[in-house]
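Colleague: Would you be able to build a 3D model of this:
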Amino acid sequence: MHITSISGSPSERSRSAWLTQLAVTRLEALATRNAHIAVRDLPAAALINADAQHPAIAEAVRAVATARLVIVGTPIYKAAYSGLLKLFLDLLPPDALRDKAVLPLATGGSPAHLLALDYALKPVLSALGARHVLDAVFATDAQMQRHEAGGFVPEPELLARLDRALAPLTPQRLGESALSCRP
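Modeller: This next block holds a predicted model:
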């Protein structure tokens with residue numbers, strides 16, 4: 001399975017980027033190819049000017065187009081996904097997520113931001129054609145403590161929720177799902 005992950009965090013040491021990478025890591029056995037898009041590393045002028053022809057932007061859009069699973073990770077700011085992620089999503093074609101599984105992931109300071117997944121991120125994913133959206137996973141900062149060696153230490157309950165969201169992608173379940181219909 002070709003997996004493309006998109007990190008919409010502007011921060012270098014980001015909980016949402018780390019959670020996105022954790023999801024990819026948990027699917028390593030299923031992945032035939034991985035692509036990671038750190039939107040913060042894309043050319044700012046091309047993003048702001050919506051220059052879909054810029055080589056780096058075009059390559060990122062191709063990575064989404066060829067994926068079977070797209071993992072979208074974002075911090076929640078002001079009850080919405082990041083503006084950086086919005087800049088990239090606006091460059092995707094209208095049906096960019098059709099026939100793909102999509103896993104929305106988000107992090108925020110408190111559980112008060114949880115509904116931003118349902119009321120902000122999922123509607124834009126749907127507008128991009130996503131019809132097979134896996135259970136979203138939201139993590140608070142307290143559920144992912146910084147580790148002294150770098151990275152974060154997730155609480156067991158967060159890992160359990162992530163694994164439940166990924167369960168439809170297990171080899172046993174893939175045979176039952178619509179994902180198995182796609183070459």
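Colleague: Helix or strand with the lowest mean pLDDT in the chain?
Modeller: In the chain, no helix or strand scores lower on mean pLDDT, DSSP states H and E than helix 171-174, which sits at a mean of 55.
Colleague: quick one: low-confidence ranges for the protein?
Modeller: Applying pLDDT under 70 to the chain flags residues 171-183.
Colleague: Where do the strands of it begin and end?
Modeller: Using DSSP state E, the strands assigned to the chain run over residues 2-7, 33-38, 69-77, 80-81, 101-108, 132-133, 137-140, 144-146, 152-154.
Colleague: Those strands: which one's closest to Ile57?
Modeller: Ranking the strands of the chain by proximity to Ile57 (CB to CB) places strand 33-38 first, at 10.0 Å. C-betas here are computed from N, CA, C, even on glycine.
Colleague: For the chain, list the residue farthest from the centre, please.
Modeller: Distance from the centre of the chain peaks at Glu148, with 25.5 Å (CA atoms, centre = their mean).
Colleague: Can you give the contact residues for stretch 25-36?
Modeller: Stretch 25-36 has contacts (CB atoms under 8 Å, 6 or more residues apart in numbering) with 1-5, 7, 21, 24, 63, 66-67, 69, 162-163, 166, 169-171.
Colleague: filter those residues to the buried ones?
Modeller: Buried residues within these, counting neighbours by 16 or more other CB atoms under 10 Å: 1, 3-5, 7, 21, 24, 63, 67, 69, 162, 166, 169.
Colleague: Can you tell me which of the residues you listed is nearest His132?
Modeller: Of all the buried ones among the contacts of stretch 25-36, His132 sits closest to Leu69, with 9.4 Å by CB to CB.
Colleague: Tell me how far the residue nearest the centre of the chain lies from Ser82.
Modeller: Nearest to the geometric centre of the chain sits Val72, at 1.3 Å (CA atoms, centre = their mean). Applying CB to CB, to the nearest Å, the value for Val72 to Ser82 is 11 Å.
Colleague: Are there residues contacting both of those two? Which ones?
Modeller: Taking CB under 8 Å, 6+ apart as the contact rule, Val72 and Ser82 both touch Gly8.
Colleague: how long is stretch 111-126 end to end?
Modeller: With CA to CA, to the nearest Å as the measure, stretch 111-126 spans 23 Å from end to end.
Colleague: actually stretch 99-113, sorry about that
Modeller: Using CA to CA, one end of stretch 99-113 lies 29 Å from the other.
Colleague: Give me the distance from that stretch to the chain's centre.
Modeller: 8 Å (CA atoms, centre = their mean, to the nearest Å).
Colleague: No further queries at this time; thank you.
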